[in-house]
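[1] predicted model, plus sequence, below.
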Amino acid sequence: MSPNPPLTRAERRAQARAARELAPIYTGTFWLDLTERVATSAAGGALAVASATTFVLHDPASWQALGTGAGVAALASFLKGIVAARSGTGSASIVPKV
C-alpha cells in the first residue's frame, strides 16, 4: 500500500491553481504583460537615442547606438519583470494592483 493515496481531480486543480498563484511566471497573462513592458521599454530606449542631436540616418554607428539603447532598455525591463514576478502581485510589476 502506498503512503499517499492518489489525488482527486479537484485536488489536482487546487494544487495547480495554488502553484500558479505562487509562480505567475507560468501563466500566459504574465508573459503578455512582460512582453508589453519589454517592447515599450525598447521603443523608449530607441526613441531616446534617435532624438539625440548626434543621431545621423546614414551613419552605421548611429544605428548601432540605437540598437544598443533599445536592447539595454529591453533587457533591464525583462530582468525587472522576472524579479517582480516574485513580489506576489501576479504580474510583471512590483507595484501592487490598484
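    Structure's in. What do you need?
[2] what helices or strands is the helix or strand bottoming out on mean pLDDT in the chain leaning on?
    Lowest on mean pLDDT, DSSP states H and E among the helices and strands of the chain sits helix 9-22, with a mean of 75. With contacts taken as 3 or more C-beta pairs under 8 Å, 6 or more residues apart in numbering; DSSP states H and E, helix 9-22 sits against no other helix or strand. From N, CA and C alone the C-beta is placed, and that goes for glycine too.
[3] following it, which helix or strand shows up next?
    Later in the chain than helix 9-22, the nearest helix or strand by DSSP states H and E is helix 28-50.
[4] quick one: distance of that following helix to the chain centre.
    In terms of C-alpha atoms, centre = their mean, to the nearest Å, the centre of helix 28-50 is found 9 Å from the chain centre.
[5] for the remainder of this discussion, apply numbering that starts at 107.
    Got it, first residue is 107 now, which makes that one helix 134-156.
[6] for that helix, list the C-alpha coordinates in CSV.
    Taking C-alpha atoms only, helix 134-156 is exported to CSV below (Å, rounded to 0.1, in the frame of the first residue of the first chain):
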residue,chain,number,x,y,z
GLY,A,134,0.2,33.3,-20.3
THR,A,135,-1.0,36.6,-18.8
PHE,A,136,2.3,37.2,-17.1
TRP,A,137,4.2,36.7,-20.4
LEU,A,138,1.8,39.0,-22.3
ASP,A,139,2.3,41.6,-19.6
LEU,A,140,6.1,41.2,-19.7
THR,A,141,6.2,41.3,-23.5
GLU,A,142,4.3,44.6,-23.5
ARG,A,143,6.6,46.1,-20.9
VAL,A,144,9.7,45.0,-22.7
ALA,A,145,8.5,46.2,-26.1
THR,A,146,7.6,49.6,-24.6
SER,A,147,10.9,49.9,-22.9
ALA,A,148,12.8,49.0,-26.1
ALA,A,149,10.8,51.6,-28.0
GLY,A,150,11.6,54.2,-25.4
GLY,A,151,15.3,53.4,-25.4
ALA,A,152,15.4,53.6,-29.2
LEU,A,153,13.4,56.9,-29.2
ALA,A,154,15.8,58.4,-26.6
VAL,A,155,18.8,57.6,-28.9
ALA,A,156,17.1,58.6,-32.1
